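Visitor: Got a predicted model here, sequence first, then my questions.
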Amino acid sequence: MAERKTGTAKRAQTSKSASARKTAAAPKKNTRSPRAAESPAPAPRPVRDENALLHRVLPYVFVVCAVLVAVCFIVPNSGTVGNALKNGLLGLFGPCIYALPLLLVYFAINWRSWVAEGAHVMKSIFAFVVTLFLGALIQLISIAVSGEEMAAVKSLYARGTSGFGGGVLGGIIGIGMYRAFAVTAGIILSAAVLCTFGLFLFGLTPKKLWINFRYSMQMRKERRAAAEAAKKREREFDYESGEETENFVPPETSAAAAPKKPAPAFDIGGVDDTMGNLVVTKPDPNEPFDPLFGVDAPTEPEKTAETTVSDLPEAGGTAIDPADTAAAAQRPVYDAAGRIDLEAIFVNPAPVSSAVSDAAGPDDADAPETGGIDIGDALGESATRDFAAVPEAKTADMGETLGVVRESVGTAEAAVTAPAKPPKPAYRFPPVTLLSPPEHKKNEDVGAELRANAQKLIETLRSFHVNVTISSVSRGPTITRYELIPEAGTRVRSIANLVDDISLSLATSGIRIEAPIPGKAAVGIEVPNKVVSTVALRELIEDKSFKEAKSRLTVCLGKDVGGAPIIFDIAKMPHLLIAGATGMGKSVCINSIITSILYKATPDEVKLMLIDPKKVEFNIYNGIPHLQTPVVSDPKKAAGALHWAVTEMERRYELIEEVGARKIETYNEIARERGMEVLPYTVIIIDELADLMMTAPDAVEESICRLAQKARAAGMHIIIGTQRPSVDVITGLIKANIPSRIAFTVASQVDSRTIIDIAGAEKLIGRGDMLYYPVGLSKPMRAQGAFVSEDEVEKITTFVKQAAGETEYDSEIIESIEREAQTIGNTGKKGGGEAAEDAGSDPKLRDALEIATESGKISTSLLQRRLSIGYGRAAKIIDIMEARGFVSAPDGQKPREVLISKTQYREMVVNNDERLN
């Protein structure tokens, strides 16, 4: 009993302790509840991912369904399933279901973008509503035509299957609207609902429709205005150039004199209609002398012999009626002052083409004129001088007055045509004696120096555990190359890395290692000579290889490491880039090239266009007959000259295409055979590209790239020099299109890599020392440039100018260059500091905005591709768009977001928003 009580007491104590624990736990639970309340709210439900598998598959499903439905509707017998599908759709929706394939294709195209916007559900509802109310509209029209309501579902289905009515769904809605609003109001209401939901479906609003309509009208108006402005400029240009006046046919002075058919050539003493030749009357040789015509005019008409002048140019005008001429012959020819009375001669004066008469000179100011004819030009100077000496008035036939040219005066051609200009003197090549002869120094024994340097090289390399043997030594004007053959197993890199140690051992700088030498199993170590020899240009001009070269673009460059002359053909380059620091021989190299052309080619074979932004390098060449234009020194005119070169290149390609040739040499051969225009080679030489790139970078870069890409076959070549070989001057596009380069001494490896893609130019010793890298070589070769002094150049140019006489430049080319220079100045194609002043506008801004609103994003590379402009201009346009709030700020390498929609842009165009100007 006692044990039972004890157990009961223990159980009670245990239950109390358990209840106490629960009681103690309760406050703990309450203390955690505030923390739970402070915990963050659950994340919002993520938006449906547009890249989900379902939404990626649905567009393809829509396309398949569209094809299936279209096949069922088109093919007459499409099987059990096809016929059932066709009848079911027609029975439910009526004939409006024929638009279902197009609607499905529209959904397939836009589904992904709708999912991204969360509008795919609403678009589906809009499409269904449009389909229903289109069926209802068809049903109401059917009721209006037939007058039958046909409310039964079976009849609606049957009529829908047969292609009438609105089907079951559309028919029910149509009948309901018919009972509620009657036919007319129901049609109007259905059409309104259909248009409203249709606009929602296609993302249109009345405002958008209106803006798009006004935008299209505005664009059409601007295109029409641009076309009219272009035609006006063309007419003005034709008028200025004289093309329009040559073909101008003036109106007749009276309607009675107007011919019913095209007028023949002017009847000067009679015209042979068959041959179109001038018939010149021949007088009796026994007639007495006349002070005006050389012999006395007969008092009575006499029979005359006829002489035909076949080579007189045709002249447009009006034929003279014989009756009028006979009547005019009875009137006095001279007035009271002793001058010819033209009104008495001409019954119906008419102008004569400029092919017959030229403008009257100062001496002819007192002579009467009619219809643009000048008697002095028609009869010659001798007749003009004797006008005042005619003693008495005489009568003469019109042919005798204007067309009779006596044999004593000369031939008809000499009397009618203007005197020809004296022919240009033949080009005289300058003698070689104008160049200084090469300096021949005393024969010094350099063998000891070569042997000592060779021994030092071997010992230096051996100290670094590199065993070599010297195979040969080549001594040039500036450097000596030691050709080393390393021991088997020796790494070439181990020799190339020791260039500084070799310089220390030989106590000289400017050592260059070529590992390996192209075409040889050897390593070349180039060591500067202690005594440098000058390469005279005369020595190269007298070389046999230059004299016997057939190309007229053969030029002398210098000598290589072994002392062999380097003579190349510009046509095979085909373009050349010359770069180097100031005073390292760049200008001397360009002078050598120009001088070589003067010694090799005539002005008819090669034309030069010299561009000198520094205004001091090429002035000495002004006046030589090879120049296409005077030396261009203004940077804007230089850009205009390059633009003219592009235009000339396109013109040459059209001429080459006409004869079916592929290059200028073939064209010139055909042109000489056919008597066509022979095209000379054109070499464009730019002394300093950096100045041009600072003034008009876009225009210059675009023109240079187009010429470098296409001008070779047209016989046009570019030589570009610069002393600042940085990437903002020698851009990637320019560098990619100019394959041949010459590098003089530069300041750093970066500049060397910019020019020739490898390091090494920074180790040249200057004074004409160069790395010559023509197209076709795997590595640049070292050479010493030829030297021609300023005095020699002046002697040569003076000789050429004096032998050729006064040089005449083509005025059309000069005018074209000046027009383009003005265009560049007006359109804001500037660089450097000027760009900041004119950074508020660009003529391509509207085109860029249209591209941006269509694509939704914008970047510099996109504008470069779509607008065909350079990087600088594209970046400037994007800066303008950002400043005006059209695009977002830059975000790393990502394209910028467009902040305006296409509709907003069009609205700005329609309203002529000032931000677009």
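Guide: Perfect, thanks for sending it.
Visitor: And this protein, what are its domain boundaries?
Guide: 53-204, 206-248, 271-416, 447-528, 573-755+768-778+791-812, 839-916 (automatic domain parsing).
Visitor: Please, which helix or strand holds E526?
Guide: strand 523-528 (DSSP states H and E).
Visitor: what packs against that strand?
Guide: Other helices and strands packing on strand 523-528, by 3 or more CB pairs under 8 Å, 6 or more residues apart in numbering; DSSP states H and E, are strand 479-486, helix 492-496, strand 512-514. For every residue, glycine as well, the C-beta is placed using N, CA and C.
Visitor: which of the domains of the chain sits most buried?
Guide: domain 573-755+768-778+791-812 (a mean of 20; mean count of other CB atoms under 10 Å).
Visitor: show me where the stretch 551-700 of the chain has helices.
Guide: For the stretch 551-700 of the chain, the helices defined by DSSP state H, counting those that start in this stretch occupy 586-600, 635-659, 664-674, 689-695, 697-710.
Visitor: Quick check: phi and psi on V788?
Guide: Main-chain torsions, V788, degrees, to the nearest 10: phi -130, psi 130.
Visitor: Kindly provide the distance from it to T595.
Guide: Separation of V788 from T595 (CB to CB, to the nearest Å): 6 Å.
Visitor: go on, F200?
Guide: In terms of CB to CB, F200 sits 78 Å off from T595.
Visitor: how close does R462 get to I541?
Guide: Taken as CB to CB, the span from R462 to I541 is 46 Å.
Visitor: Identify the residues contacting stretch 166-182?
Guide: If you take CB atoms under 8 Å, 6 or more residues apart in numbering as the criterion, stretch 166-182 is touched by 90-94, 96-97, 131-140, 142-143, 149-151, 153, 156-157, 159-160, 165, 186, 189-190.
Visitor: Out of those, which sit inside helices?
Guide: Using DSSP state H to define helices, the subset of the contacts of stretch 166-182 located there is 90-93, 131-140, 142-143, 153, 156-157, 159-160, 186, 189-190.
Visitor: list the contacts for the residue nearest to V67 when sequence neighbours are not counted?
Guide: In space, and not counting its chain neighbours, V67 is closest to P101: 7.4 Å by CB to CB, 6 or more residues apart in numbering. With contacts defined as CB under 8 Å, 6+ apart, P101 is in contact with 66-67, 69-70, 73.
Visitor: same thing with Q749?
Guide: Per CB under 8 Å, 6+ apart, neighbours of Q749: 759, 762.
Visitor: Sketch out the low-pLDDT regions of the stretch 201-350 of the chain for me.
Guide: Residues of the stretch 201-350 of the chain meeting the criterion pLDDT under 70: 237-350.
Visitor: Oops, could you answer that again for the stretch 801-917 of the chain instead?
Guide: 825-840.
Visitor: Show me where it has its helices.
Guide: Using DSSP H, counting those that start in this stretch, helices in the stretch 801-917 of the chain cover 811-826, 833-837, 845-855, 860-867, 871-883, 902-910.
Visitor: which stretch among these comes nearest L434?
Guide: With respect to L434, and counting by CB to CB, the nearest of these is helix 811-826 at 29.9 Å.
Visitor: Would you confirm that L58 contacts W111?
Guide: Yes. Between L58 and W111 there is a contact under CB atoms under 8 Å: 5.7 Å.
Visitor: mind checking how far G118 is from T508?
Guide: Taken as CB to CB, the span from G118 to T508 is 77 Å.
Visitor: Where does the prediction get shaky in this structure?
Guide: 1-51, 149-151, 237-422, 441-445, 825-840.
Visitor: ok, back up a step: just how off-centre is the strand holding E526 within its chain?
Guide: Distance of strand 523-528 from its chain centroid, counting by CA atoms, centre = their mean, to the nearest Å, is 45 Å.
Visitor: And for it, what's in contact with it?
Guide: So strand 523-528 is in contact with 453, 457, 468, 478-486, 492, 495-496, 502, 506, 508-517, 561, 765, 782, going by CB under 8 Å, 6+ apart.
Visitor: likewise stretch 145-157?
Guide: 91-92, 143, 159, 165-168, 171-172, 175, 178.
Visitor: Redo those residues as JSON lines? Include distance to L863.
Guide: Compiled in JSON lines, those are given as follows (distance: CB to CB, whole Å):
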{"residue": "G91", "distance to L863": "55"}
{"residue": "L92", "distance to L863": "51"}
{"residue": "I143", "distance to L863": "58"}
{"residue": "R159", "distance to L863": "58"}
{"residue": "G165", "distance to L863": "55"}
{"residue": "G166", "distance to L863": "51"}
{"residue": "G167", "distance to L863": "52"}
{"residue": "V168", "distance to L863": "55"}
{"residue": "G171", "distance to L863": "55"}
{"residue": "I172", "distance to L863": "56"}
{"residue": "I175", "distance to L863": "58"}
{"residue": "Y178", "distance to L863": "58"}
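Visitor: Thank you kindly, that will do.
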